[in-house]
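Novice: following is a predicted model, sequence given first.
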Amino acid sequence: MLKGVVVRYAIDENECDDILQESFIRAFKSLDTYAGRGELGAWLRRVTINVAMENYRKKKRIQQLNHEVQIVYLQEERLNMEVLEQIHLEELLKKIRMLPEGQRVIFNLYAVEGYTHVEISGMLNISVGTSKSQYQRARKALIQLIEKESQDEERRWNYAK
């Protein structure tokens, strides 16, 4: 279950394993803080997401990927479910991994994990507008990738006839 969470944030298998290992270490060290009021799995998931976000912020500082983003206020929409239904989960994960790191993280937090842009801005120390803008860019890029693949497949099908 936890690897399924981490795989959406990691850029490759090695980073995924590192985040997962750090999550388990952190969970074992702070097991005494688990109050037992909710499911242990939900608590472990929260610890894992926190570790993934720390990893992201650390990489962001190291690589200085702090690009200025124009604040664009667009109407918020979840990814078009009709488009999502056309592809398998594995294919969607591959496409999400193709997104630039900032877009990938924000897309996962908003569309998959269900955080608000206000919560995301606090987690990543960015403005709410930046979170919204990056989400919209990620959403648009995913739709373009899916549509391009669909068009390529249609061309191959027509060629085969």
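Specialist: Everything's here; your move.
Novice: top helix in the protein by residue count?
Specialist: For the chain, the longest helix by residue count, based on DSSP state H, is helix 128-160.
Novice: I figured residue 131 was touching residue 125, is that so?
Specialist: No: Residue 131 is beyond contact range of residue 125, at 10.7 Å (criterion: CB atoms under 8 Å). The way it works is simple: take the backbone N, C-alpha and C, and place the C-beta from them, glycine included.
Novice: between those two, who's got more neighbours?
Specialist: Using other CB atoms under 10 Å as the criterion, residue 131 and residue 125 rank with residue 131 on top: 26 against 9.
Novice: who's in contact with the more buried one?
Specialist: 106, 110, 117, 120, 121, 124 (CB atoms under 8 Å, 6 or more residues apart in numbering).
Novice: roughly how far does it sit from residue 124?
Specialist: Between residue 131 and residue 124 the distance is 7 Å, computed by CB to CB, to the nearest Å.
Novice: joint contacts of these two?
Specialist: With CB under 8 Å, 6+ apart as the test, residue 131 and residue 124 both reach residue 106.
Novice: quick one: which of the contacts of residue 131 is most hemmed in?
Specialist: Most surrounded of these: other CB under 10 Å gives residue 106, at 29 neighbours.
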